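Student: Kindly return the folded structure for what I paste below:
(2 chains)
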2 protein chains.
Amino acid sequence: MTEETTLSVEALFERVRNIFEKAGVRLQSAEAVARTIVAGERDHCKSHGIYRIEGCLRVLAAGKVSPDAVPQLHDSGKAVIEVDAGSGFSNPAFEAGKAALAERARQSGLAALVIRDCLHFSALWHDVEALAEMGLASLSLCPSYAFVAPAGGKEPLLGTNPLAFGWPRPGQNPYVFDFATSVAARGEIELHRRAGTPIPEGWAVDKDGAPTTDPDAALTGAMLPFGAHKGSAISTMIELLAGAMLGEFMSREALDFMGGGALLPRHGALIVAFDPATFAARSGRDPLAEGEKLLTAFGAQGARLPSQRRFAARAKSLAEGIALTEAEMDQLDRFEQHGLAALTG
Amino acid sequence: MTEETTLSVEALFERVRNIFEKAGVRLQSAEAVARTIVAGERDHCKSHGIYRIEGCLRVLAAGKVSPDAVPQLHDSGKAVIEVDAGSGFSNPAFEAGKAALAERARQSGLAALVIRDCLHFSALWHDVEALAEMGLASLSLCPSYAFVAPAGGKEPLLGTNPLAFGWPRPGQNPYVFDFATSVAARGEIELHRRAGTPIPEGWAVDKDGAPTTDPDAALTGAMLPFGAHKGSAISTMIELLAGAMLGEFMSREALDFMGGGALLPRHGALIVAFDPATFAARSGRDPLAEGEKLLTAFGAQGARLPSQRRFAARAKSLAEGIALTEAEMDQLDRFEQHGLAALTG
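Tutor: Coordinates of the predicted model:
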């Protein structure tokens, strides 16, 4: 058993913020990025926790994300709020637009937030949870890198295109789901490749479009969407709404722009917020109380709600702190002392 | 080979409209319902074509749909347009709200149409296609009857909850998908039961939550969502947005209200329309041209687009007419002459 160090959520936040400041990122952006990374670690989403720090620093070192971009809010007065991230991180851009989005959703019944040209590394549950805390239902979607073939095809044209949804639950954690529309994450295939083990059937096709369980063939071929033609259609919808419709990169273009998938991607993002109070007003019903009837019935029959495990991990982290391994602590030390110079390889 | 009769789309429309008028439905509603049914038949969607006439007449005979309801448009000036169907058919309600929805989406960037308390029997592609013809992207969703268990559960709490999406394609048929979020349609299980054949694995669980291939056990148990926990989450989102949020029936309540699934369901519906021109304006790009890059690349690698088969059938029907069997023609005759009195059993 390796030695573990336990840090409070706040203490870890300070360390991660310091790392990004040391790397030249302006304070407000460093804070927004650190909040997102620490929230991932706090919720035991290791793939979106402090593991991401190195990936973010690599994009900074490559000059492919602007460290000092100040998100610019554009509000035309319509139900569409826009934030130009200016090739900075997505997180400060979302924070810059969140209040205006929520206000407009309450005024109009629904509203959308468009984020333009951002470096995107975070899970989408951050967005929909923040809006649920403000009493709003929401959808968040974005393209990514084109690693996924449409159902019946063989060429990677779609991203792993995540989709998240949040619904407020009075007095408790919101109903939140957030998943890639590919069967598996690319990182999982990579893990099989390193371990020399086959991937499960249905995850990928080789470059000729034939089903494969060979991780190498999968990585040079294409991943598959979840749920066959239905998942493929949803992934296509995400490309169209969060890519084409915004006039921002689609997953193919994002990959071309970065010259491959080694670095984190740049593209846009779309968040749609709904005000249940406005939608239900004429019905005379309480929309959140109606939602509870369904969600409590799920629990009564033993069906797990999405994010349940994450919320349990959060409660534990907030009460007991976050335990990090020696290797993780060493890496934090190195990044905090040396900034981008700590990157090797 | 049975004798077939070929009718033009227009001639079939007149016959179906006459049937609904004979059954006491006000002219405008009869026309809207007939347009929808004939469009299904025209596109070779037999399950939503003239097959549906009998189902509609049965709900009329049971007094569970109002034949003379006049849809009432409510426009508060927000981005949410509402139409009270007044327990009439969904189709005239959609037609009553469509223009206001499109106008508001163009003004606001996006807008929603809420349909309240409608008898719902039609596929959702009608809605999203109509909006795509007006240059808008859109989503259409509604609950149905609670026949589907959430992933990990055993009790039917979710409907087969369909989801449709439309995206305009200049000069050609739009990109349209429309599917149930259950693995299979309930009618397919019913067909297996009648044929005495097992259903495929993964379609359903029995009343104890155990996987089953026995159609009887499936019908007394629960159907399963497509795509495991991801499809289950999407189906839950549809219950929340198109049921709870509107203050209209969720699938469980719809089933209780009708006292079982023998008749077509009554509930609400939600359509969200997006104006790509507004969303893309500041990017300087043409969103529909960007969408074409993706959609034409699908075709280039041989991946079929959803609805492609339906559009091909449509072209054939428009050119050559719609071929009906003798039994189908007999039924049309009977319904046209005797109205509800033609119903047996």
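
Student: Grab the CA positions of stretch A:217-226 and hand them over as PDB.
Tutor: What follows is stretch A:217-226, C-alpha atoms only, in PDB (Å, rounded to 0.1, in the frame of the first residue of the first chain):
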ATOM      1  CA  ALA A 217      -6.800  -1.900 -35.200                       C
ATOM      2  CA  ALA A 218      -9.500   0.000 -33.300                       C
ATOM      3  CA  LEU A 219      -7.200   3.000 -32.800                       C
ATOM      4  CA  THR A 220      -6.400   3.200 -36.500                       C
ATOM      5  CA  GLY A 221     -10.000   2.400 -37.500                       C
ATOM      6  CA  ALA A 222     -12.900   4.000 -35.700                       C
ATOM      7  CA  MET A 223     -14.800   3.700 -32.400                       C
ATOM      8  CA  LEU A 224     -18.500   3.000 -32.500                       C
ATOM      9  CA  PRO A 225     -21.400   5.000 -31.100                       C
ATOM     10  CA  PHE A 226     -23.500   3.600 -28.200                       C
END
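
Student: buried stuff in that stretch?
Tutor: Buried residues in stretch A:217-226, counted by 16 or more other C-beta atoms under 10 Å in any protein chain shown: A:217-219, A:221-226. Where you see a C-beta, it was placed from the backbone N, CA and C, and this is true even at glycine.

Student: Chain A: helices as residue ranges?
Tutor: Counting by DSSP state H, chain A has helices at residues A:9-22, A:27-42, A:51-61, A:90-108, A:125-133, A:186-195, A:215-220, A:228-239, A:251-258, A:276-280, A:287-300, A:308-320, A:326-338.

Student: For the fifth one, buried residues please.
Tutor: Residues of helix A:125-133 classed as buried under the neighbour-count rule (16+ other C-beta under 10 Å) are A:125-132.

Student: What is it packed up against?
Tutor: Packed against helix A:125-133, as judged by 3 or more C-beta pairs under 8 Å, 6 or more residues apart in numbering or on different chains; DSSP states H and E, are the following elements: helix A:90-108, strand A:137-141, strand A:162-167, strand A:175-180, strand A:266-274.

Student: just the shortest one next, same as before
Tutor: Under the contact criterion of 3+ C-beta pairs under 8 Å, 6+ apart, helix A:276-280 touches helix A:90-108, helix A:287-300.

Student: Buried ones in the lowest-mean-pLDDT helix or strand in chain A, by neighbour count?
Tutor: Least confident element among the helices and strands of chain A, by mean pLDDT, DSSP states H and E: helix A:186-195 (a mean of 91). Neighbour counts over helix A:186-195 (16+ other C-beta under 10 Å) mark A:186, A:188-189, A:192 as buried.

Student: near chain B, from those?
Tutor: Residues of the buried residues of helix A:186-195 in contact with chain B (C-beta under 8 Å from any C-beta of the partner chain): none.

Student: Pick out whichever of those sits closest to A:Arg310.
Tutor: Nearest to A:Arg310 among the buried residues of helix A:186-195: A:Glu188, at 18.2 Å, using C-beta to C-beta.

Student: could you measure that closest one against B:Glu95, distance?
Tutor: Counting by C-beta to C-beta, to the nearest Å, the gap from A:Glu188 to B:Glu95 is 47 Å.

Student: do A:Thr197 as well
Tutor: A:Thr197 is 56 Å from B:Glu95, by C-beta to C-beta.

Student: Could you list the low-pLDDT ranges of the stretch 201-345 of chain A?
Tutor: Low-confidence segments of the stretch 201-345 of chain A (pLDDT under 70): A:345.

Student: how much space between the most far-flung residue of chain A relative to its centre and chain B?
Tutor: In terms of distance from the mean C-alpha position of chain A, A:Gly284 ranks first, at 35.7 Å (C-alpha atoms, centre = their mean). Noted for A:Gly284: a distance of 7 Å to chain B, by C-beta to the nearest C-beta, to the nearest Å.

Student: if I read this right, that residue contacts B:Gly247, doesn't it?
Tutor: Yes: contact between A:Gly284 and B:Gly247 holds when scored by C-beta atoms under 8 Å: they sit 6.8 Å apart.

Student: Find residues that contact each of those two.
Tutor: Residues touching both A:Gly284 and B:Gly247 (C-beta atoms under 8 Å, 6 or more residues apart in numbering or on different chains): none.

Student: From one end of stretch A:75-90 to the other, what's the distance?
Tutor: 18 Å (C-alpha to C-alpha, to the nearest Å).

Student: Let me see the mean pLDDT of that stretch.
Tutor: For stretch A:75-90, mean pLDDT rounds to 98.

Student: ok, the residue farthest from the centre of chain A - contacts?
Tutor: Going by C-beta under 8 Å, 6+ apart, A:Gly284 touches B:Gly247.

Student: Enumerate every residue touching A:Leu27.
Tutor: A:Glu21.

Student: ok, it to A:Phe20 distance?
Tutor: Note on A:Leu27: its distance to A:Phe20, by C-beta to C-beta, is 9 Å.

Student: same deal with A:Asp206?
Tutor: Where A:Phe20 is concerned, A:Asp206 sits at a distance of 40 Å (C-beta to C-beta).

Student: More neighbours: which of these two?
Tutor: Per other C-beta atoms under 10 Å in any protein chain shown, whichever of A:Asp206 and A:Phe20 has more neighbours is A:Phe20, with 26 against 17.

Student: and the helices and strands packed on helix A:125-133 as CSV, adding mean neighbour count?
Tutor: CSV is the format used below for the helices and strands packed on helix A:125-133 (neighbours: other C-beta atoms under 10 Å in any protein chain shown):
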stretch, mean neighbour count
helix A:90-108, 23
strand A:137-141, 27
strand A:162-167, 26
strand A:175-180, 23
strand A:266-274, 26
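
Student: A:Val114: which of these is closest?
Tutor: For A:Val114, the closest of these is strand A:266-274, at 6.1 Å, according to C-beta to C-beta.

Student: Dump the closest one to PDB, restricted to CA.
Tutor: Provided in PDB are the C-alpha atoms of strand A:266-274 (Å, rounded to 0.1, in the frame of the first residue of the first chain):
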ATOM      1  CA  ARG A 266     -10.600  23.300 -29.200                       C
ATOM      2  CA  HIS A 267     -14.200  23.800 -30.400                       C
ATOM      3  CA  GLY A 268     -17.400  25.500 -29.300                       C
ATOM      4  CA  ALA A 269     -20.100  24.400 -26.800                       C
ATOM      5  CA  LEU A 270     -23.900  24.700 -26.500                       C
ATOM      6  CA  ILE A 271     -25.900  24.800 -23.300                       C
ATOM      7  CA  VAL A 272     -29.700  25.100 -23.400                       C
ATOM      8  CA  ALA A 273     -31.500  26.000 -20.200                       C
ATOM      9  CA  PHE A 274     -35.200  25.600 -19.400                       C
END
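
Student: Whether it contacts chain B - can you check?
Tutor: Yes: residues of strand A:266-274 contacting chain B under C-beta under 8 Å from any C-beta: A:272, A:274.

Student: by contact count, what packs against that strand?
Tutor: Judged by 3+ C-beta pairs under 8 Å, 6+ apart, strand A:266-274 is in contact with helix A:90-108, strand A:110-119, helix A:125-133, strand A:137-141, helix A:251-258.

Student: Partner strands of it, with direction?
Tutor: The strands beside strand A:266-274 in its sheet (DSSP bridges) come out as strand A:110-119 (antiparallel), strand A:137-141 (antiparallel).
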